[in-house]
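Q: my questions concern the predicted model and sequence given below.
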Amino acid sequence: MKTVLITGATGDVGTHLARELAGKYKLRLSDRRPLKAKNFVKADISKMADCLRITKGVDAIIHLGGYSVEGPWEGILQANIIGCYNMFEAARRNGVKRIVFPTSNHATGFYRRDQTIDHRVYPRPDSRYGVSKVFGEALGRLYADKYGMEFLMVRIGNVHPFPLDKRRLSIWISPRDIAQLVSIGIDRADLKFEVVYGVSGNKRSWYDNSNAARLGYRPQDDSEPYAQEVLAKEKRQRDRRGAPGRDLLYGGRGAEPGRSEEAREKGQAQMKLKTPKGAVDTHMHFYDGASSAKPGAPNPGTFTVPMYRELQKRLGLERVVVVQPNAYRDDNTVTLKAMKELGKSAKGVAVVMPGTPKAELERLTKAGICAVRIMTLHNGTLGFDVMDQLMKEVHPFGWHANIQLDGRQLPDYEAQIKRLPGKFVIDHTGKFLEPVETSSEPFKCLLRLVDTGRCWVKLSAPYETSKTGAPQYEDVGRLAKALVKKAPERMLWASNWPHPSVPKEKRPSDEDLLDLMLDWAPNETDRRKMLVDNPVELYGFK
């Protein structure tokens, strides 16, 4: 059995491939972010020594590591240029001949969509990220010609269990189809240097993928069976965005003078739920549009206190918990500035590093910070590896842990989470990145954490994980209803405004998200607990 290294293994594509290829190859998984698996090796590909260490003794490499989105050049340079060179050179030094390099459709992104292109077209990258993928293809060509190494370059569209929108109907590839392509790259005997497109057999494809077919690729899936549902969903979203009052969030600036009362009236008129007095939004973010944000992290632009106040008026909200965005790592300046502007109606969740001086923790506490953000997903700053030590330092100041993870990993970290001192919060209904049932072990684990009496859960952002989609998000809704039934006294609601992980044109309606409480918590007393009483108790609002 061949030993195959997967870099970037904690990302979406890496997760899919690790699952699909398990048993076919002996897998070695690697990433900068920790992963609780026996075959995982932590490494930073921007460091040659790490690359030499993880490539030693493998038969082939699937190189996914790096930034997977557009971002500032410095970040792309380190991860996608230097990191790519380090991996290819380390493979050469360690005698690893075969590399599968999933590049991207963005390497040819500036061709017209009505023009069918094949593997022979000249690169036309549509971004700095696309440029970095062209570099990887060119570097692979050099190593193939000069050193006799063997490469399959896969210009991936979008890997997901199903296509999410109209664009992806053309570029989608299912997990089993990408696994088939990668297997060709690992196992085909006569492979030297080939470029193919990482798409399923989509009727609407923009690509002539005959070179993949020549190599033996026989896609099992086609996006067409999903097309009717995807297009109908997009039409519903467009219709909702066209309704009165929807322009305030998406305009990119504050409301016009004299619009506040109008916004409130329109928002309340659209909503079915009557928001109780004193309602709290327990999770949202502010952004100043600065280029200093962390490369690769969601950074949707400029979202200010005046813009958020318009949202509060529309939804009838009075108090808020401001959560430090991933974009600014442990620089809490934007968060603290916004909290100061909002006054006593705001509390905050910060990011601080282990060893932060007590004087700084005291300053943050006086400013309204009451929790530290543990974010174990891509672009997070603090993970489980530092959580225990960090909580020893911040708990004496009255802070709790605010945890976001892939909920499927809860059983792996249940014991560690239970050891936390005092209260703790789990984000986004557990944020199960693939659908789970209420009978599943990961969800049962979440219920066990709730049983401790110290665990609070934010019922929020269903659009980030739902596969059934708007407007009801039934798959996430089942979990939310079970949590409300279990312990309504420890459930919280949050807007997740301004929805940083979602493109501007696809952001959900905030009114619709709040109205979900009517379905998830049909009892008015329970809704008041979630919107007012519970957050007041947890965050200490006066």
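A: Done, it's in.
Q: helices or strands up against the longest helix along the chain?
A: With secondary structure taken from DSSP state H, the chain has its longest helix at helix 128-147. Packing partners of helix 128-147 (3 or more CB pairs under 8 Å, 6 or more residues apart in numbering; DSSP states H and E): helix 73-76, helix 83-93, strand 98-102, strand 150-156, strand 193-198. To be clear about C-beta, it is placed using only N, CA and C from the backbone, and glycine gets the same treatment.
Q: what comes up buried for stretch 142-160?
A: By neighbour count on 16 or more other CB atoms under 10 Å, the buried set for stretch 142-160 is 143-144, 149-160.
Q: returning to that earlier point: name the residues that touch the longest helix of the chain?
A: For helix 128-147, the external contacting residues (CB atoms under 8 Å, 6 or more residues apart in numbering) are 66-71, 73, 76-77, 80-81, 84-85, 88, 92, 99, 101, 103-104, 106-107, 109, 123, 125, 149-151, 153, 155, 192-193, 195.
Q: quick check: buried residues in stretch 36-50?
A: In terms of neighbour count (16+ other CB under 10 Å), stretch 36-50 has its buried residues at Asn39, Phe40, Val41, Ala43, Asp44, Ile45, Ser46, Met48, Asp50.
Q: what's the model's confidence in that stretch, averaged?
A: Averaging pLDDT along stretch 36-50 gives 93.
Q: wait, Leu481 touches Trp520, no?
A: Wrong residue type there; residue 481 is Lys, not Leu. Yes - using CB atoms under 8 Å, Lys481 is in contact with Trp520, at 5.5 Å.
Q: which of these two has more neighbours?
A: In this view Lys481 and Trp520 are compared by other CB atoms under 10 Å, and Trp520 has more residues nearby, 27 against 16.
Q: angles on the backbone of the more buried one, please.
A: phi -80, psi -30 (degrees, to the nearest 10).
Q: same question for Gln180.
A: When read as degrees, to the nearest 10, the backbone of Gln180 gives phi -60, psi -40.
Q: residues in contact with it?
A: Contact analysis of Gln180 by CB under 8 Å, 6+ apart lists Tyr217, Arg218, Pro219, Gln220.
Q: now with 10 Å?
A: Glu20, Ile173, Ser174, Ser200, Ala212, Gly216, Tyr217, Arg218, Pro219, Gln220 (CB atoms under 10 Å, 6 or more residues apart in numbering).
Q: quick one: buried ones out of those residues?
A: Glu20, Ile173, Ser174, Ser200, Ala212, Tyr217, Pro219.
Q: what's the farthest-apart pair in these?
A: Glu20 and Ala212 (17.1 Å; CB to CB).
Q: just the helices from the stretch 151-300 of the chain, written as ranges.
A: Along the stretch 151-300 of the chain, the segments classed as helices by DSSP state H, counting those that start in this stretch run 168-171, 175-187, 210-214, 224-241, 247-250, 260-270.
Q: ranking the ones you listed by mean pLDDT, which is last?
A: Looking at the helices of the stretch 151-300 of the chain, the bottom one is helix 247-250 with a mean of 30.
Q: what's the burial count for the residue found closest to Gln416 once you drop the neighbours it is linked to in the chain?
A: Sequence neighbours aside, Phe384 is the residue nearest to Gln416 in space, at 6.2 Å (criterion: CB to CB, 6 or more residues apart in numbering). Neighbour count for Phe384, taken as other CB under 10 Å: 17.
Q: so for the spatially most distant residue from the centre of the chain, what's the pLDDT?
A: Distance to the chain centre peaks in the chain at Lys146, reaching 38.5 Å (criterion: CA atoms, centre = their mean). Lys146 is assigned a predicted lDDT (pLDDT) of 97.
Q: could you do Val334 as well?
A: Looking at Val334, its pLDDT is 94.
Q: kindly report the same for Gly14.
A: We have a pLDDT of 92 for Gly14.
Q: got the buried residues for the host helix or strand of it?
A: Here Gly14 sits within helix 12-21, counting by DSSP states H and E. Neighbour counts over helix 12-21 (16+ other CB under 10 Å) mark Asp12, Val13, Gly14, Thr15, His16, Leu17, Ala18, Glu20, Leu21 as buried.
Q: list the contacts for the nearest residue to the second one once chain neighbours are set aside?
A: Nearest non-adjacent residue to Val13, counting by CB to CB, 6+ apart: Val159, 4.9 Å away. For Val159, the residues meeting the contact criterion (CB under 10 Å, 6+ apart) are 11-17, 102, 171-175, 177-179, 198-200.
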